[in-house]
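> Could you work out the structure for the sequence below:
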Amino acid sequence: MKERSTMRRTTSCMLWCVGLLALSLPVGAQTVTVITGRVTDPQGAVIVGAQVRLYERDGRIRLTTATDEAGQYRFERLAAGPYLLEVEAEGFARALRSLRVEKGHSLTVDVQLEVGRVRAEVIVTASATAQSVDEVSKAITVVDAKEIQNRDERSIGESIRRTPGLRIQQLGGPGALTKIKIRGLRNQDTAILIDGLRFRDAATIQGDATSFLEDLLVVNPERVEVLRGSGSSLYGTNAIGGVINIVTDRGGGPTHGQLQLEGGMLDLFRGRGQVAGGLGRDRFQYSAAVTHLNVAGGIDGNDATRNTSGQGFAQVNLTPTISVSGRIWAADSFLQLNDSPFAAPGRTFPPRGSIPAIALPRSEQRRLEAGRSFDVGQATFVPDVDDPDSRRTADFFAGAVIFSHRLSEAVSYRLSFQHVATDRTFRDGPAGVRFEPSFGNQSDFRGRIDTLNLRADLWLGRWNLLSAGYEYERETFTNISQDENPDPTNRVLARSHIKQRSHTVFVQDQLPLLDRRLQISLAGRVQAFDLSRPEFVGGTTRFTEVPLRSPQTAYTGDASIAYTVAATETKLRAHVGNGYHAPSLFERFGASFFFGTFFPFGDPRLRPERSIAFDAGVDQSLAGGRLALSATYFYTRLQEVIAFDSSGRINPATDPFGRSSGYLNTGGGLARGVEVSVEGTPTATLDFSLSYTYTNADERAPSILDFPKTLEISDHMFTLVVTQRLARRIRLTFDLFAASDYAFPFFTGDRTRAFIFDGPIKADLGVSYTLPLSEDRSLRFYTKVDNVFDDTYFEDGFRTPGATWIGGVALRF
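This is a model prediction of the structure:
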């Protein structure tokens, strides 16, 4: 109750401040400024329905509209300052214009779209402000909603798989646990953002978003931006290896949307509805979407999953300088779980070295699941076996409200509040074949994170942008464990509740020089932590007996530079920064419960994980903009990490919590490599992108004896996406991801060994036909085969689907 009361007071205080600020402003004194223009094709014919977006350079607002029957667009009630204008239409390359609006003056900006150029893009993640792709000094990839639709992807993870240096693992079929690794680093080294605000689960082991990645379906995205390289100075904890920013569709323009239905193998059904638009000449913009995924069978016929998700956005521009916006994303999911894979029983393995991963045949696995004798044969591991009564239910809510105000042409600020609630429940019973409980049990994990952020932006001259701010964050972790022991006297009901607060200040300076050909960006961040004593109900613990000390403060810095040679359209860039991962609440106070006692694993004295990262690269445009090449060298050293240790390094006689195993600070690892990518539009109807990544990742303190390589990392990765349009209505898309072998650990009876798995070779093939119904309505019929080559591969020992087919129809209006 105390926590809820504090939250209500914080929210009320924020709303009162927003209201007082709004009421105190001289609304009538604002000068109306307008940007208008006409969009045409290369022959000068007008383009109807082209999407036009206007970005304020400091990131304060983003407006969207569409061209009318005359090809005209219009933005009204604008504040003076610098902007980026972005225009796109089906079958044409996206166009960008950099412009500046002077107070009391209107602009006319006509745009002629071209055919056969690599698309230009506006980036908002590299610096938390709007930049054109030519101005970005960091390695970044953008996947927009149109590409996601063309590839018919269902999840955010699958949508960004083509990104260089990115490894997506889904441990099973649809809805299964998903992992994301960037540049050879760990799962927790990638920060997930929704519209620039952190999304993570305070109740998971590392306090990151991995526990909910499988629940992030394609609902209402405008695009997804993937920043590769350190992002901690801008986005805080977990951004050691990179950042994935899911940008919500802002709506705007005439009312539009789509209805989509699809079904196919694995007993899969998906439905999606989306609507967006604007009112009052786009003073009010909105978008909303809902999607439902239902897989009744799955890989083994008993891997059912369901997910219902909704995502929406609304913004009202009260005056040319004041706007209030809100965004929500919520999901509710269910998944039938299998047991984790394990080393083949009864096998005698070589005493040293790695072991080739050979799966138990499916026929023998079915005998094992039926409780009958089975023949291991040459198998070295057993894939995930069916567990009939093991399941996961989960839901999350991420909601934010943002108040933006431009005080003058040079000064603006934003005040935002975000609430993230995550809940996961795991249930298991006696059915199954391996380490099953005698009776049912249940574990609940509840995380809550409230973040208040105040950011101010100051223009020093026409182009130098200085940003600074303060962030307050409060997070809680609640774990409830219970069972269904028929003996009430021995029944388990244990609860732990952990709280932490942090205070952060940050600063960034973006300095363009030499007519914006030279881009320099500097950033810094300081975060201090405040711990509260944890609460444990149902047993005793040493955490309540030992005095708490303030944890170590985290300091990060970041610098990037880019120079464009205009004559050759060559951009040289470099980026260096240190990152950090704040110890999670579980790493600080985690415990297991046995026989009325909480046995501690965590350590509240843990220092933040630290890293240093550097990358340098070149981006080259060729053939009149039809071809774009990029090459990047990257280097990341994990200077100090948090690891779980049970080797005896923790002495219970000297440890203040009496631990013999648990979390401690230790040496990290090293990852370095090269990313090469090519994007091209050879003809007006053919687009392609391909990438190759080489990664050499090692651990300074190997978790497996005589095996220094980082687990789950492939040395080589390759992606290819090709889209061919035929006769204006038919579209073919081929999407390939391939990776070399990688290592994953299994316990073999005496110690943990490295098993070498073949990397995946997954190709998807899709075809669609669009039937126009009117000027603004159409039907799209599509079909897709996932894993069209029917490649058999395992992700960390989990069996993945073979070739599967889906088909569907989408009505656009």
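> Quick check: bridge partners of residue 284?
According to DSSP bridges, the partner residues bridging residue 284 are residue 279, residue 316.
> quick one: contacts for it?
Counting by CB atoms under 8 Å, 6 or more residues apart in numbering, residue 284 touches 278, 314, 315, 316, 317. From N, CA and C alone the C-beta is placed, and that goes for glycine too.
> Show me which of the residues you listed are buried.
In these, burial by neighbour count holds for 278, 314, 315, 317, counting by 16 or more other CB atoms under 10 Å.
> if we can go back for a sec, just curious, which of the contacts of residue 284 is nearest to residue 695?
Closest approach to residue 695 among the contacts of residue 284 (CB to CB): residue 315, at 40.5 Å.
> correct me, but the closest one touches residue 250?
Yes - applying CB atoms under 8 Å, one finds residue 315 in contact with residue 250, separated by 6.7 Å.
> Would you mind grabbing the residues shared as contacts by the two?
Residues touching both residue 315 and residue 250 (CB under 8 Å, 6+ apart): residue 285.
> Now residue 418: closest residue in space, sequence neighbours ignored.
The shortest distance from residue 418 to any non-neighbouring residue, by CB to CB, 6 or more residues apart in numbering, is to residue 400 (4.0 Å).
> Let me fix that, I meant to ask about residue 456.
Residue 456's closest residue in space is residue 413 (CB to CB, 6+ apart), at 4.3 Å.
> Phi, psi for the one you found please.
phi -150, psi 160 (degrees, to the nearest 10).
> Against residue 678, how distant is it?
Distance, residue 413 to residue 678, by CB to CB, to the nearest Å: 41 Å.
> Let me see the domain layout of the chain.
The chain breaks down by automatic domain parsing into domains covering 29-115, 137-341+383-812.
> Relative to residue 363, which of those domains is closest?
domain 137-341+383-812 (12.6 Å).
> Next, the distance between the ends of that closest one.
Distance across domain 137-341+383-812, first residue to last, is 37 Å (CA to CA, to the nearest Å).
> same check, this time on stretch 103-123
OK, stretch 103-123 end separation, CA to CA: 26 Å.
> Show me which residues of that stretch are buried.
Neighbour counts over stretch 103-123 (16+ other CB under 10 Å) mark 107, 109, 111, 113, 116, 117, 118, 119, 120, 121, 122, 123 as buried.
> Which members of those residues are positioned in helices?
Using DSSP state H, no member of the buried residues of stretch 103-123 sits in helices.
> what are the ranges of the strands in the stretch 301-450 of the chain?
Taking DSSP state E, counting those that start in this stretch, the strands of the stretch 301-450 of the chain run over residues 305-319, 322-338, 342-343, 355-356, 381-382, 386-406, 411-428, 441-460.
> Just name the most buried of those.
strand 381-382 (a mean of 24; mean count of other CB atoms under 10 Å).
> tell me what it is packed against?
For strand 381-382, the packing partners by 3 or more CB pairs under 8 Å, 6 or more residues apart in numbering; DSSP states H and E come out as strand 342-343.
> what's next to the strand it packs on, contact-wise?
Strand 342-343 is contacted from outside by 349, 380, 381, 382, 434, 746, 747, 748, 749, 753, 755, 797, using CB under 8 Å, 6+ apart.
> Show me the shaky parts of the stretch 451-600 of the chain.
Low-confidence segments of the stretch 451-600 of the chain (pLDDT under 70): 595-596.
> Would you map the strands across it?
Per DSSP E, counting those that start in this stretch, the stretch 451-600 of the chain has strands spanning 464-483, 493-513, 518-531, 535-537, 554-565, 570-581, 591-594, 597-600. These are given in chain order.
> what comes up buried for the fourth one?
By neighbour count, with 16+ other CB under 10 Å as the criterion, the buried positions of strand 535-537 are residue 536.
> Repeat that for the last one.
When burial is assessed from 16+ other CB under 10 Å, strand 597-600 yields the following buried residues: 597, 598, 599, 600.
> May I see those residues arranged in a markdown table, with distance to residue 742 as well?
As requested, the buried residues of strand 597-600 are arranged in a markdown table below (distance: CB to CB, whole Å):
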| residue | distance to residue 742 |
| --- | --- |
| 597 | 39 |
| 598 | 36 |
| 599 | 33 |
| 600 | 33 |
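> Pick out whichever of the residues you listed sits closest to residue 521.
Checking the buried residues of strand 597-600 against residue 521 by CB to CB gives residue 600 as the nearest, at 42.5 Å.
> which residues touch the residue lying closest to residue 740 once chain neighbours are set aside?
Spatial nearest neighbour of residue 740, chain neighbours left out: residue 716 (4.1 Å); criterion: CB to CB, 6+ apart. Residues near residue 716 by CB under 8 Å, 6+ apart: 692, 693, 694, 695, 739, 740, 759.
> and the buried residues of stretch 103-123, which two are the farthest apart?
Across these, the longest distance by CB to CB is 28.3 Å; it joins 107 and 116.
> isn't residue 451 right up against residue 198?
Yes - judged on CB under 8 Å, residue 451 makes contact with residue 198 at a distance of 6.9 Å.
> Distance check, the closest residue to residue 201 other than its chain neighbours against residue 202.
Leaving out its chain neighbours, the residue that sits closest to residue 201 by CB to CB, 6+ apart is residue 422, at 4.3 Å. To residue 202, residue 422 is 7 Å away according to CB to CB.
> Same check on residue 650?
Residue 650 is 25 Å from residue 202, where distance means CB to CB.
> Next: residue 610.
21 Å.
> Quick check: phi and psi on residue 211?
The phi/psi pair for residue 211 (degrees, to the nearest 10) reads phi -70, psi -10.
> Read off the pLDDT value for the residue nearest to residue 418.
For residue 400, the model assigns a pLDDT of 98.
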